[in-house]
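K.L.:
here is the input, now give the coordinates:
(one chain, ligands or ions: 1)
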Amino acid sequence: MDRYDVVIVGSGPAGMGAAFEISDHAPDASVLMIDKQRYSTGGMRNDCKMNFTYPIGFPLEYWDAVDADEYLEKVSAFLSPNMLTKSNLHIYKQRAQRLDVSMIEVAQTHLGTDGGLKLIQQLQGELERRDVELSLQEEMHSIDLEERSITTNTRTVGYRTLLIAPGRQGFRFLQQIMDSLGVPYVDNIVDIGIRVETRLERYPIVKDYYDPKFMFPEKVRTFCTNSGDAHVVQERGETSHGESYYSVNGHAYSADKGRENGMVNFAMLKTVGLTEPLASGQLFAEHLALQAMLLGGGRPLMQRVGDFRLGKRSKRDEFNHDLYDFPPTLRTCTPGDISLAVPARILRYIWKSMKNLDTIVPGVLHPSTIIYYPEIKLYANKPRYADSHFRVADSVYFAGDGAGTSRGITAAWASGIRAARGMRRYL
Ligand SMILES: Cc1cc2nc3c(=O)[nH]c(=O)nc-3n(C[C@H](O)[C@H](O)[C@H](O)COP(=O)(O)OP(=O)(O)OC[C@H]3O[C@@H](n4cnc5c(N)ncnc54)[C@H](O)[C@@H]3O)c2cc1C
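P.N.:
Purely as a prediction, here's the structure:
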């Protein structure tokens, strides 16, 4: 059996944060990082805009401002972000305040999907120089706590300390691991929402603030805004019964490409917390996603705001005409009626928030604006951690979006560092 001092599962930002922290403080430790994909660094491959202001990305149950700021300083020192400038914020802030909406000012940088790939190459090169072994297309299947080993698709690997950071896509895998370790958890929270796409001139705030963060009453927020050369994409998900579904998302290429499509997209997400009776957010989201797939013939739904307002479905032959003056960037979606698919309360709160947003940035609710559904974020496993370093069992740690310790690149990196600080005591 191969043995390493440290094994890290997942090469996303959480895994990276941990790998660099370990190699900074225990340079002689042998470190293996595995990833089931053919390439490395998980969600940093998408858009790669990074937020450096608490509480963006930091779940409040695990982070306070003082802690998060200390870690963000480390993340920032490592990634040397080139912060984007902002302007005219006082105007939007004032309008927002009148509606009981808060606008959070966030220090941001945007590398774009292409810029993110360059960063990943740099990080991989740096890890190689530090003798961290990266094994791709290697997937962790199970853990043997007594043996201190994990089984992957290719071998059994021993560890002195282990970090499992499989990201949002590893949500269910983490649940299996928690079940096998007897770690109690709940997954009662989920974010459900829509992705909005419009022409840049109808949401011009993005020229003043790249990814504007608005928090509306009733736990609705704007999330992941992309502009310039911006595209809506779909991600495949699988239910616990093996059925496929798609959730939408968005990304943009870096500004320095000089290739703009003049579009903007962003998500409006509603956080749903299930309490009495306590139910799984994942199962709830799966049902909603399958319902959307049923109505969309296996594809996400899209609807023009003009049709939505009139209470009629969008149809393919009327989707691009007259007022509807741009084609969707995700053409494979099915024009339809999202109000058939979204639960009433969720839709009501999101629509109310959209109207508020249209008062703050007039134009975003132009009839041509497209609403895509569903956008689902399953990142709220809440394991009972044994300490503040996200330890779940003897020498075993979790971190990142799948483990509920983060909701974004910088916070995932910070939670990897925080886990690694705990792991160091086993070295
Ligand atoms: C389209 C898209 C756009 C996004 N845009 C942004 C953005 O602009 N800014 C932002 O802050 N966040 C963004 N995010 C979210 C961001 O990607 C995540 O917050 C972040 O990557 C979480 O880091 P992580 O390390 O927890 O997980 P991930 O980055 O998902 O990495 C987990 C890794 O673990 C691997 N893995 C999973 N299971 C196993 C296993 N069993 N064995 C071995 N390896 C495994 C996966 O292959 C993956 O590479 C975006 C996400 C998507 C999908």
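
K.L.:
may I have the residues that are in contact with the closest residue to the ligand within the stretch 101-250 of the chain?
P.N.:
Closest residue of the stretch 101-250 of the chain to the ligand, CB to the nearest ligand atom: Gly167 (2.1 Å). All C-beta atoms are positioned from the backbone trio N, CA, C, and that covers glycine. Residues in contact with Gly167, defined by CB atoms under 8 Å, 6 or more residues apart in numbering, are Gly10, Gly12, Ala14, Gly42, Gly43, Gly400, Asp401, Gly402, Ala412.

K.L.:
list the residues that contact the first one.
P.N.:
When contacts are counted by CB under 8 Å, 6+ apart, Gly10 touches Met33, Ile34, Asp35, Gly42, Leu163, Ile164, Ala165, Pro166, Gly167, Gly170, Gly400.

K.L.:
strands - which of those land there?
P.N.:
Met33, Ile34, Asp35, Leu163, Ile164 (DSSP state E).

K.L.:
so which of those wins on neighbours?
P.N.:
Leu163 (30 neighbours; other CB atoms under 10 Å).

K.L.:
is it in a bridge, and if so with what?
P.N.:
Partner residues in beta bridges with Leu163, using DSSP bridges, are Ile8, Tyr397.

K.L.:
list the contacts for it?
P.N.:
Contacts of Leu163 (CB under 8 Å, 6+ apart): 6-10, 14-15, 18, 397-399, 416, 419-420, 423.

K.L.:
if we go to 7 Å?
P.N.:
Ile8, Val9, Gly15, Ala18, Tyr397, Ala399, Ala419, Met423 (CB atoms under 7 Å, 6 or more residues apart in numbering).

K.L.:
kindly provide the distance from it to Tyr426.
P.N.:
Using CB to CB, to the nearest Å, Leu163 is found at 11 Å from Tyr426.

K.L.:
before we move on, what about Trp63?
P.N.:
24 Å.

K.L.:
who's more crowded, the two?
P.N.:
More neighbours surround Trp63 than the other of Trp63 and Tyr426, with 21 against 18 (other CB under 10 Å).

K.L.:
list the contacts of the residue nearest to Glu139 when sequence neighbours are not counted.
P.N.:
Closest residue in space to Glu139, ignoring its immediate chain neighbours: Lys36 at 3.6 Å, by CB to CB, 6 or more residues apart in numbering. Contacts for Lys36 (CB under 7 Å, 6+ apart) come out as Gln137, Glu138, Glu139.

K.L.:
neighbours of the first one, just the number please.
P.N.:
Same thing as Gln137. Other residues lying near Gln137 total 13 when counted by other CB under 10 Å.

K.L.:
ok, the second one next?
P.N.:
Applying other CB under 10 Å, we find 18 residues neighbouring Glu138.

K.L.:
ditto for the last one
P.N.:
Using other CB under 10 Å, Glu139 has 16 neighbouring residues.

K.L.:
what does Thr151 give?
P.N.:
Counted with other CB under 10 Å, Thr151 comes out at 15.

K.L.:
what residues does the stretch 201-350 of the chain have near the ligand?
P.N.:
Cys224, Val233, Glu235, Asn249, His251 (CB under 6 Å from any ligand atom).

K.L.:
pick out the most distant pair among those.
P.N.:
The largest distance within these, taken as CB to CB, falls between Cys224 and Glu235 and amounts to 12.5 Å.

K.L.:
tell me which of the two has more neighbours.
P.N.:
Taking other CB under 10 Å, Cys224 and Glu235 do not tie; Cys224 has more neighbours (19 against 15).

K.L.:
thought the more buried one was touching Gly250?
P.N.:
Yes - counting by CB atoms under 7 Å, Cys224 touches Gly250, with 6.1 Å between them.

K.L.:
if we can go back for a sec, now the residue nearest to Glu139: how far from the ligand?
P.N.:
4 Å (CB to the nearest ligand atom, to the nearest Å).

K.L.:
look up phi and psi at that residue.
P.N.:
phi -70, psi -20 (degrees, to the nearest 10).

K.L.:
now do the domain split for the protein, please.
P.N.:
What automatic domain parsing lists as the domains of the chain is 2-84+111-185+382-426, 189-377.

K.L.:
the stretch 151-300 of the chain: helices as residue ranges?
P.N.:
All helices of the stretch 151-300 of the chain, identified by DSSP state H, counting those that start in this stretch, fall at 171-181, 205-208, 281-295.

K.L.:
no more questions from me, cheers.
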